[in-house]
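*Asks:* Build me a model:
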Amino acid sequence: MDMVHHKKTWYWNLLTISVTILMLVQVTACSSLLRGIGLGSTPDYPTAEVVFQVSLPEPLDEQNQLVLEVLDDITGMYFNASRYEMVQKQGSVYFTHVPLIISSEIKYRYVKVGENTGYEFNSQNSQVRFRILKVTGPELVQDIVSAWIDRKYEGPLGRIQGQVFDKRTNAPIPNLLVCAGGLQTVTSSDGSYYLEGLVPGVHNLIFYSMDGAYETFQQGALVSDQATTPAFISLAKRDEVELTFNVKVPQGYDSSMPLRFVSNLQTLGNAYADLSSGSSGNAANYPSLTKISPTDYQLTLKLPKGLFL
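*Replies:* Residues are numbered from 1 along each chain as shown. Model prediction:
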């Protein structure tokens, strides 16, 4: 099969920054010196082939195509997504193969394009913001699309309920993002969570630390009609390491403009907001790099070890 297209339209926020640096790092060392990667370069990261297989409420007609949309964490929910065409396997089941960087954590969703273009809807008949996958190697991802904007879900439902604790201290962990089946919630102050209204079937249940402080955990969770699936999880808190980022800007860069660091972390730029335009945060809240020469800038941060940045 053909793997498709990365159709990208770059969004520039001229009030925030006048140069874009692409940085892709898994934080592992106790102390590191990292350099920015220009948009034109092709770093050789280890990848694995991931097969995405999804069941739809019904097969699509000839006027519509199903695509997998992988989101860009930095520019927001509706900018710079990469799309991959999906092929009908049989009936209402579709699939595609995507090479993804090992240890990466991607946010994605399914989109119907054509005569009735629209994002997938969940079993609560709300548009799916995104699903999350932690890539550990070659694997098969099996998802269920519950509904579309023009086809509401009416059928059996179940739920997942549980609590999340710190593996070392046994203290509850609040403010973790919990996702399954296109639904999302955040753990409360006592670490508890509740995902109500999931269609029966196996869902990828994932616990994701938006500030990177805790390891990401995922597992398959079987949901049955009118039943509660319990899931009590202990997560390890990541140690912090110091990293220094050295960035070289192109000739002609306007040095009167601050060069700021923005990332997929909630504490460093990702507001986890659904925006149709504009920046996802206030530029003044992003750390500025220090100018050390006419073309060189530097920033030192403490970041959680093992984080995918």
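
*Asks:* low-confidence ranges in the stretch 151-300 of the chain?
*Replies:* By pLDDT under 70, the weakly predicted segments of the stretch 151-300 of the chain are 271-282.

*Asks:* how about the strands in it?
*Replies:* 158-166, 176-180, 183-186, 192-198, 201-209, 217-223, 228-235, 240-248, 290-291, 296-304 (DSSP state E, counting those that start in this stretch).

*Asks:* Need the residues that contact the shortest one.
*Replies:* Read it as strand 290-291. 255, 259, 297, 298, 299 (CB atoms under 8 Å, 6 or more residues apart in numbering). Every C-beta, even on glycine, is put in place using the N, C-alpha and C of the backbone.

*Asks:* hmm, try it at 7 Å
*Replies:* 255, 297, 298, 299 (CB atoms under 7 Å, 6 or more residues apart in numbering).

*Asks:* For ChimeraX, write the selection for the buried entries among these.
*Replies:* To isolate the buried members of the contacts of strand 290-291 in ChimeraX, using 16 or more other CB atoms under 10 Å:
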select :297,299
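
*Asks:* So what sits opposite the nearest residue to residue 140 once chain neighbours are set aside in the bridge?
*Replies:* In space, residue 140 comes closest to residue 51 once its chain neighbours are excluded; the distance is 4.8 Å by CB to CB, 6 or more residues apart in numbering. Residues found in beta-bridge contact with residue 51 (criterion: DSSP bridges) are residue 97, residue 140.

*Asks:* from memory residue 51 sits against residue 97, does it?
*Replies:* Yes: with the criterion set as CB atoms under 7 Å, residue 51 and residue 97 qualify as a contacting pair; they are 5.5 Å apart.

*Asks:* Grab the nearest non-local neighbour of the most centrally placed residue in the chain.
*Replies:* The centre of the chain sits closest to residue 107, judged by CA atoms, centre = their mean, with a distance of 2.6 Å. Taking CB to CB, 6+ apart, and ignoring the residues beside it in sequence, residue 107 has residue 130 as its nearest neighbour in space, at 4.0 Å.

*Asks:* The one you found reaches residue 106, doesn't it?
*Replies:* No: under the contact definition of CB under 7 Å, residue 130 does not touch residue 106, with a separation of 9.0 Å.

*Asks:* ok, so what distance separates the nearest residue to residue 189 once chain neighbours are set aside from residue 224?
*Replies:* Residue nearest to residue 189 in three dimensions, not counting chain neighbours: residue 174, with 4.9 Å by CB to CB, 6+ apart. Distance from residue 174 to residue 224, counting by CB to CB, to the nearest Å: 29 Å.

*Asks:* List the buried residues of stretch 117-132.
*Replies:* So stretch 117-132, judged by 16+ other CB under 10 Å, has buried residues 119, 120, 121, 122, 123, 124, 128, 129, 130, 131, 132.

*Asks:* and if you look at stretch 51-64?
*Replies:* 52, 54, 55, 56, 57, 60.

*Asks:* Send me that stretch as PDB with only the CA atoms.
*Replies:* Provided in PDB are the C-alpha atoms of stretch 51-64 (Å, rounded to 0.1, in the frame of the first residue of the first chain):
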ATOM      1  CA  VAL A  51      -0.200  -0.600  12.200                       C
ATOM      2  CA  PHE A  52      -3.300   1.400  13.100                       C
ATOM      3  CA  GLN A  53      -6.500  -0.600  12.600                       C
ATOM      4  CA  VAL A  54      -9.900   1.000  13.400                       C
ATOM      5  CA  SER A  55     -13.500  -0.200  13.300                       C
ATOM      6  CA  LEU A  56     -16.100   2.400  12.100                       C
ATOM      7  CA  PRO A  57     -19.800   2.400  12.800                       C
ATOM      8  CA  GLU A  58     -20.300   1.500   9.200                       C
ATOM      9  CA  PRO A  59     -18.200   1.400   6.000                       C
ATOM     10  CA  LEU A  60     -17.700   4.700   4.200                       C
ATOM     11  CA  ASP A  61     -19.200   5.400   0.800                       C
ATOM     12  CA  GLU A  62     -17.200   6.100  -2.300                       C
ATOM     13  CA  GLN A  63     -17.400   9.900  -1.700                       C
ATOM     14  CA  ASN A  64     -15.400   9.700   1.500                       C
END
